[in-house]
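J.: turn this into a structure:
(one chain, ligands or ions: 1)
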Amino acid sequence: MSDSSTERGSAGFAAQGVVWLVVYVLVAVTPLLVALTADPPPGRSFWVEFSVGLGFVGLAVMGLQFAIVSRFSAVNAPFGLDAVLHYHREISYVAFAMVLAHPAILMVRRPELLELLNPVTAHWAARFGLTSVLALALLIAASVWRKRLGIRYEVWRVTHGLLAVIVIVTALVHIEQAGYYVDGPWKRALWIAMSAVFIALLVNVRLVKPIRLMRRPWEIASVTPERGSAWTVALRPIGHDGVRFLPGQFAWLRVDTSPFSVQEHPFSFSSSAERTDEVTFTIKEAGDWTSTIGSIELGTRAYLDGPFGVFSCDRNEGPRFVFVAGGVGIGPIMSMLRTLADRGDRRPCLLIYGNPTWDGVIYREELDELTERLDLTVVHVLDEAPEGWEGETGFVDRNMLARHLGERPDRARYFMCGPTAMMGAVEDALHELAVPGAHIDFEQFDLV
Ligand SMILES: Cc1cc2nc3c(=O)[nH]c(=O)nc-3n(C[C@H](O)[C@H](O)[C@H](O)COP(=O)(O)OP(=O)(O)OC[C@H]3O[C@@H](n4cnc5c(N)ncnc54)[C@H](O)[C@@H]3O)c2cc1C
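T.: As a prediction, this is how the structure comes out:
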């Protein structure tokens, strides 16, 4: 890809991003505008209307959370999944504050309304409202403290989805029950539109998308053991033309289960984006599901939802590339290296690859071969060096980077994938070496 086409591509993503932001803000604030401007019932104070508006905005933002995590490629493309998920997390606190402010303002102005907090004596509108707020508090607490509370990822994910539906449905019923919130035609129209969009999003995620995936099945073509307790899993499309992805992107994988199942895991493509006959993933044994990879039978049905992500040398091009990988973080970087090799790309590439031991270096032999097909230098960094090892050891730090980056480190494009601590340290070191933030990309495997 030429520099000008890359710039056009980046400009396209930036424009797309701006459009989505505008749509998002409009959807989020419209309820407040409608609540404050349309048909104010006689005798209702500004504060009552304002608190109702806040409740509506909180609900709109919560509803938008479904759109945010619905994996619409067009929404994810300009920002990247990790940025989108980060936003999803942070904005939930804002929505929670708004939802809480709604009854709080009403109760401060009319303390007798505190009685509505008693679910035994309260009317149904208040009970539904209370349920919605409690479900939202539970949802946020379980997400923030999942690991500390020892909640398994799969259990958390199902509970998270159920609680989210409860939050929205009970809030919508609360609005309908309260009645006077939807008395004017504008507010009623808004309530109906919000409910309809919410149902459409649910139907899309739980029904339309799985049906679409069902029509594009894959099968396990091979499962090959690699060094470092990892496996290369190859998938072949059945009766369709496969998937086009950018090197470094990822997909959600379901193996031996229906596309309607919630048992799915994200993995980066490790194969060349130039190959269409099959795709591979490099999967490390990290927990209960990934530990069963080695026993998957050939021919087992699988489904792929993707591609997603912005971690790709095709999205952040430059005159040379520096890759920093740790352990299985080599997966998406292998995809980029293999793709560049298949394309006959001769731009200089440097790979700094950290691993605990020499025997655990995934794709060690293939990386050697790639140095023949690419202008590639591989720097292995080990925690435990074998006898006679003269290469790098320890943490990748500023000095180690400075030894290998050569002149003008600011001109290269950097792609990092590995343990969170390693990526943070390398990013800081790169900043010290005057590398602009826009030249550094990373993929985080540990999102939740
Ligand atoms: C964008 C992205 C790309 C990834 N690419 C790779 C890759 O190429 N190779 C690789 O080995 N690993 C990759 N991972 C990590 C991989 O998804 C998890 O290791 C795997 O899902 C663990 O599943 P488990 O049930 O075996 O482990 P568990 O013991 O159940 O979970 C271990 C940890 O993995 C995370 N996790 C578990 N299930 C999921 C899930 N469905 N979605 C997201 N996170 C989950 C949780 O933080 C959990 O605490 C990637 C993760 C992300 C987010």
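
J.: what sits against residue 335?
T.: By C-beta atoms under 8 Å, 6 or more residues apart in numbering, the residues touching residue 335 are 247-249, 268-273. Where C-beta positions appear, they are placed from N, C-alpha and C, glycine not excepted.

J.: same deal with residue 268?
T.: By C-beta under 8 Å, 6+ apart, the neighbours of residue 268 are 248-250, 281-282, 309, 311, 331-332, 335, 417, 443.

J.: tell me how this protein divides into domains.
T.: Per the record, the chain has its domains at 3-213, 218-308, 321-443, by automatic domain parsing.

J.: quick check, residue 133 in contact with residue 103.
T.: Yes - assessed by C-beta atoms under 8 Å, residue 133 is found in contact with residue 103 at 7.4 Å.

J.: for the residue most central in space within the chain, report the pLDDT, please.
T.: Closest to where the C-alpha atoms of the chain average out (C-alpha atoms, centre = their mean) is residue 81, at 3.2 Å. Turning to residue 81, the model gives it a pLDDT of 75.

J.: dihedrals phi and psi, it?
T.: The phi/psi pair for residue 81 (degrees, to the nearest 10) reads phi -60, psi -40.

J.: test my guess that it contacts residue 308.
T.: Yes - with contact defined as C-beta under 8 Å, residue 81 and residue 308 form a contacting pair (5.3 Å).

J.: OK, contacts around the closest residue to the ligand within the chain?
T.: Closest contact between the chain and the ligand, by C-beta to the nearest ligand atom, is at residue 287 (1.9 Å). By C-beta under 8 Å, 6+ apart, residue 287 lies in contact with residue 153.

J.: could you measure from it over to residue 147?
T.: Going from residue 287 to residue 147 by C-beta to C-beta, to the nearest Å gives 12 Å.

J.: got it, and residue 218?
T.: Shown here: residue 218 relative to residue 147, a distance of 32 Å by C-beta to C-beta.

J.: more crowded one of those two?
T.: Taking other C-beta atoms under 10 Å, residue 218 and residue 147 do not tie; residue 218 has more neighbours (24 against 10).

J.: tell me the secondary structure for the closest residue to residue 204 other than its chain neighbours?
T.: Using C-beta to C-beta, 6 or more residues apart in numbering and skipping residues adjacent in sequence, the residue nearest residue 204 is residue 70, 6.5 Å away. With DSSP: H, G, I helix; E, B strand; the rest coil as the basis, residue 70 sits in coil.

J.: check what pLDDT residue 70 gets.
T.: Looking at residue 70, its pLDDT stands at 77.

J.: need phi/psi at it.
T.: Per degrees, to the nearest 10, the backbone of residue 70 is at phi -80, psi 0.

J.: near it, how many other residues are there?
T.: By the criterion of other C-beta under 10 Å, residue 70 has 14 neighbours.

J.: contact partners for it?
T.: Residue 70 neighbours (C-beta under 8 Å, 6+ apart): 201, 204-205.

J.: cutoff 10 Å now
T.: Counting by C-beta atoms under 10 Å, 6 or more residues apart in numbering, residue 70 touches 76, 201-202, 204-205, 209.

J.: please flag which of the residues you listed sit within helices.
T.: Taking DSSP state H as the definition of helices, these contribute 76, 201-202, 209.
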